[in-house]
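>>> Fold the stuff below for me.
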Amino acid sequence: MSTTDASLYLGGLESDVLAQWRRKSQNALYREEPEAWLWDVLGYRWHAKQREFVHAFMEQRRIAVKSANGTGKSRGVGELISWGISVHEPGELLIICSAPTMRQIEETIFGYISSNYSRMRGRGIEPIGRLTSSAWSYQETPTSRPKTLVLGQKPSDKDIVGSFQGIRAIDGSDDGNASKTWVFIDEAGAVHKDLFVAAESVTTGAGDNKIMAIGNPDNLGTYFHSIFTDVQIGQDWYTETLAAKDLPTFTGEIVYEDEAMQKRMLESGMIDAEWVEQKKRAWGEDSARYRSKVMGEFPDSDDRSFFSQSAIDTAHETNIPEDMQNDLSIGFDVARFGEDDSALYGNRGGRIRRIDKWSKANANESASRAHQKALDEGARFMIIDSTGLGGPIADVITARGDRYYTVIMAQGAERSPDPARWLNMRAYWYDMLREGMLTGQVDLDYSEEDGKQLKDELLTIQYDFTLKGAIKIESKKDMAARGVKSPDLLDAVVYSYVNAQALVGHPLAGMKPGDYAYYDPWEELDGDRRGLPI
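Numbers count the residues shown, from 1 in each chain. Have a look, this model is predicted:
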């Protein structure tokens, strides 16, 4: 090699080294100043409320943001992800993003990431790696092992935690794990609660690991809801609210000095005053939808919540003195799965209180425990959910020789008294309890043991109407699909109230299997035996 060639070669090496040094120095600056990166690289700016969330993301480990509609929350997530990957070395940071469906991940989160990727190129900045519809990866050379930078993941509800833990092993870094893991959960109010457990499982240990959950406050009883309402859970989260009133369309904030860019931002689908006024007229300011979609607040009860906040409050404020002269009816909801609870609630004249609750017991253990409680409390009726595991338990209890109370088997799928109003008996029983709560015939105490769980279950249960207009209460399977626990306590309350009320005073109510009953149909006709009544 000639002296000239050597000089050119060394000069090229020096230029490459200097370029890498400048890039790393610039990225080190951008790590601390994401707003600078956003402006220099993408040519965008965040408004004041967005900057609050970004600064919180820089400082906090767990961030939850509930947001009104049309605030650009998913776009913000896409920009944070694009910034994070751009300012870290490949393999240093692993980002996992999730949402209720894979389509939302691909079309929303990765839609914004793809837009940012293309914009960088259009501005003469070559982004690292290769982008697909649900992954961003980097391969240093054609033969080197790929490094996963960003992965969109919607794991099966059957093994959410296991699916997430497996991601850390495929990121491609030398030790099998990136030094940092960030998890973004978009539309967090509609994901299964185990997704939060999974997020925690991959962000453990030292390092700048983070979880950011953002979504509309639509669904009550979800883990996202608990972050904002449960003191014990919420103490580990930094929480914020993004309402319509915080947007530049309401505050008048000048985000871009350039008038054309400011106009484009305001007209980019951001919620505006005209839209809010229209929804105020259409929905009403006190409606659940207005609180959620405009104010960014969880509603007192959502549009599909079966028990209104008014019914829940009335049942709590109603005071029915305990009268031992009233018959005690015990409602028994039988656990079916590992996380579910078997529950007993007792009802004396509308005063309904918890008697017992347990889990992880076999059929004989549950039957024995429920039977003994009925004896101890002096019950006259025990109403048992007799579907599934409840059927054999009801049979065991019924066969007890020392039983003096009446066992009633509840079958929620049976035909209701009026199928035009209630799809089945389950809907009928629930509606009877709701009516009793609203009219002051039910006394519930949410301050007692497990009272908060009962209140949460009342807020959580949803309903719909059939094509014929009959009330349909959502099934436990549907609840599980949206990440909500089975309403074990509530079902026990329902059984104690509705069925007992329907059977108290019935001439056959106190009889046991094997007893004889004599019935004269002429008494029903109010006539004599010589002919039909006149």
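>>> Please list the residues outside stretch 197-208 that contact it.
61, 96, 155, 160-161, 163-165, 167-168, 179-183, 185, 209-211, 213 (CB atoms under 8 Å, 6 or more residues apart in numbering). Every residue, glycine included, has its C-beta placed from N, CA and C.
>>> who are the neighbours in contact with His225?
Gly189, Pro217, Asn219, Phe298.
>>> Can you tell me the SS state at Gly346?
strand (DSSP: H, G, I helix; E, B strand; the rest coil).
>>> who does it bridge with?
On the basis of DSSP bridges, Gly346 is bridged to Ile330, Arg353.
>>> how many other residues sit next to it?
25 (other CB atoms under 10 Å).
>>> what about Ser366, distance to Thr439?
34 Å (CB to CB, to the nearest Å).
>>> before we move on, back to that, of the contacts of stretch 197-208, grab the buried ones for ChimeraX.
A single ChimeraX command selects the buried members of these (16 or more other CB atoms under 10 Å):
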select :96,155,160,161,163,164,167,168,179,180,181,182,183,185,209,210,211,213
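>>> What about the contacts of stretch 197-208, which are in strands?
Using DSSP state E, the members of these that fall within strands are Ile96, Lys180, Thr181, Trp182, Val183, Ile185, Lys210, Ile211, Ala213.
>>> Pull the contacting residues for the second one.
Residues in contact with Lys180, defined by CB under 8 Å, 6+ apart, are His88, Glu92, Leu93, Leu94, Gly207, Asp208, Asn209.
>>> confidence score at the last one?
According to the prediction, Asn209 has pLDDT 91.
>>> where's the residue lying closest to it once chain neighbours are set aside, which helix or strand?
Sequence neighbours aside, Thr203 is the residue nearest to Asn209 in space, at 3.7 Å (criterion: CB to CB, 6 or more residues apart in numbering). Using DSSP states H and E, Thr203 sits in no helix or strand.
>>> Is Asn326 in a helix, a strand, or coil?
With three-state DSSP as the criterion, Asn326 reads coil.
>>> quick one: contacts for it?
Arg348, Gly349.
>>> tally of neighbours for Leu490?
Neighbours of Leu490 under the rule other CB under 10 Å: 25.
>>> so it makes contact with Leu459?
No - using CB atoms under 8 Å as the test, Leu490 is too far from Leu459 to be in contact (10.1 Å).
>>> buried sites along whichever strand or helix holds Arg103?
Using DSSP H and E, Arg103 falls within helix 102-104. Using 16+ other CB under 10 Å as the test for burial, helix 102-104 gives Gln104.
>>> can you list contacts of it?
Ser134, Gly152, Lys154, Asp186, Glu187.
>>> so where's the stretch 51-200 of the chain shaky on pLDDT?
Residues of the stretch 51-200 of the chain that meet the criterion pLDDT under 70 lie in 157-158, 162, 165-178.
>>> Let's see that with 50 instead.
Within the stretch 51-200 of the chain, the segments meeting pLDDT under 50 span 169, 172.
>>> all helices in it, in order from the N-terminus.
73-86, 102-104, 110-122, 160-167, 194-201 (DSSP state H, counting those that start in this stretch).
>>> Throw the ones you listed into a markdown table and include distance to Arg291, thanks.
Below are these laid out as a markdown table (distance: least, CB to CB, whole Å):
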| stretch | distance to Arg291 |
| --- | --- |
| helix 73-86 | 17 |
| helix 102-104 | 23 |
| helix 110-122 | 27 |
| helix 160-167 | 29 |
| helix 194-201 | 23 |
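>>> the helices in the stretch 301-450 of the chain, which residues?
Going by DSSP H, counting those that start in this stretch, the stretch 301-450 of the chain shows helices at 309-317, 363-377, 390-398, 425-438.
>>> Report all helices and strands that the longest one contacts.
Using 3 or more CB pairs under 8 Å, 6 or more residues apart in numbering; DSSP states H and E as the contact criterion, the secondary-structure elements in contact with helix 363-377 are strand 328-333, strand 342-348, strand 351-358, strand 381-385, helix 390-398.
>>> Geometrically speaking, which residue is the centre of the protein?
Here the mean C-alpha position of the chain is nearest to the C-alpha of Thr222 (CA atoms, centre = their mean), at a distance of 2.8 Å.
>>> Let's have the helices and strands packed on helix 363-377 in JSON lines, adding mean pLDDT.
Listed next are these as JSON lines, based on pLDDT from 0 to 100:
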{"stretch": "strand 328-333", "mean pLDDT": "94"}
{"stretch": "strand 342-348", "mean pLDDT": "94"}
{"stretch": "strand 351-358", "mean pLDDT": "95"}
{"stretch": "strand 381-385", "mean pLDDT": "90"}
{"stretch": "helix 390-398", "mean pLDDT": "87"}
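>>> how about the ones you listed in a markdown table, adding distance to Leu242?
Below are the helices and strands packed on helix 363-377 laid out as a markdown table (distance: least, CB to CB, whole Å):
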| stretch | distance to Leu242 |
| --- | --- |
| strand 328-333 | 39 |
| strand 342-348 | 38 |
| strand 351-358 | 38 |
| strand 381-385 | 42 |
| helix 390-398 | 45 |
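>>> Minimum distance to Ala282: which of the ones you listed has it?
strand 351-358 (37.9 Å; CB to CB).
>>> Next, the buried residues of that closest one.
Arg351, Ile352, Arg353, Arg354, Ile355, Asp356, Lys357.
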